[in-house]
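> Attaching a predicted model along with its sequence, questions to come.
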Amino acid sequence: MKNRPFSTRLGFALAGIRACWRTERSFRTHCFCATFAATALFTIQPAPVWWALTGLAVALVLALELINSAIERLIDHLHPDIHPEIGHVKDMAAGAVLTISLGALVIAASLAVTMA
Ligand SMILES: Nc1ncnc2c1ncn2[C@@H]1O[C@H](COP(=O)(O)OP(=O)(O)OP(=O)(O)O)[C@@H](O)[C@H]1O
């Protein structure tokens, strides 16, 4: 199972993104926000550093949302019952998404102030 060709592993990763898109509304919401951010960049044409910062922020938000969704799915599969510790784990993973999303908002606000 290990060390498959790159194209095969790329297919697995894309299948994971597709599965998350199909099943997770919050991932779809973040994808729409990413599309808005890309549209804003193409419209206002800021300096290259803003493209890098925004691209990194968007990638981090989407990556953490994928990890958050993966953790939720894994927990629900392994332990479908209610347990306070599982609640804490899910809340922490959601907190990670919230934290990076706030960071992305700070970057967006800084860009807006700079371009004003
Ligand atoms: N098995 C469980 N035991 C205890 N609390 C849980 C359990 N499952 C979910 N919770 C609580 O409910 C919240 C929502 O969990 P859920 O699995 O529905 O995530 P979600 O609403 O789909 O999150 P997201 O919108 O980020 O995908 C968790 O953050 C946690 O506080």
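Done, it's in. Numbers count the residues shown, from 1 in each chain.

> Against which helices or strands is the helix or strand hosting residue 49 packed?
Taking DSSP states H and E as the definition, residue 49 sits inside helix 48-78. The criterion is 3 or more C-beta pairs under 8 Å, 6 or more residues apart in numbering; DSSP states H and E, and the helices and strands that helix 48-78 contacts are helix 6-23, helix 25-44, helix 84-115. For the C-beta atoms, the positions are set from N, CA and C on the backbone; glycine is no exception.

> How about the protein: which residue is closest to the ligand?
The minimum distance from the chain to the ligand, using C-beta to the nearest ligand atom, falls at residue 87 (3.0 Å).

> The helix holding residue 49 vs helix 25-44, what angle?
Between helix 48-78 and helix 25-44, the angle formed by their directions is 170 degrees, by axes from the mean of the first three to the mean of the last three C-alpha atoms, to 10 degrees.

> Briefly note if helix 48-78 comes near the ligand.
Yes. Interface with the ligand: helix 48-78 contributes 68-69, 72 (C-beta under 6 Å from any ligand atom).

> Quick one: residues contacting residue 100.
Listed by C-beta atoms under 8 Å, 6 or more residues apart in numbering, the contact partners of residue 100 are 57, 60-61, 64.

> List phi and psi for residue 46.
Residue 46 adopts backbone torsions of phi -80, psi 180, taken as degrees, to the nearest 10.
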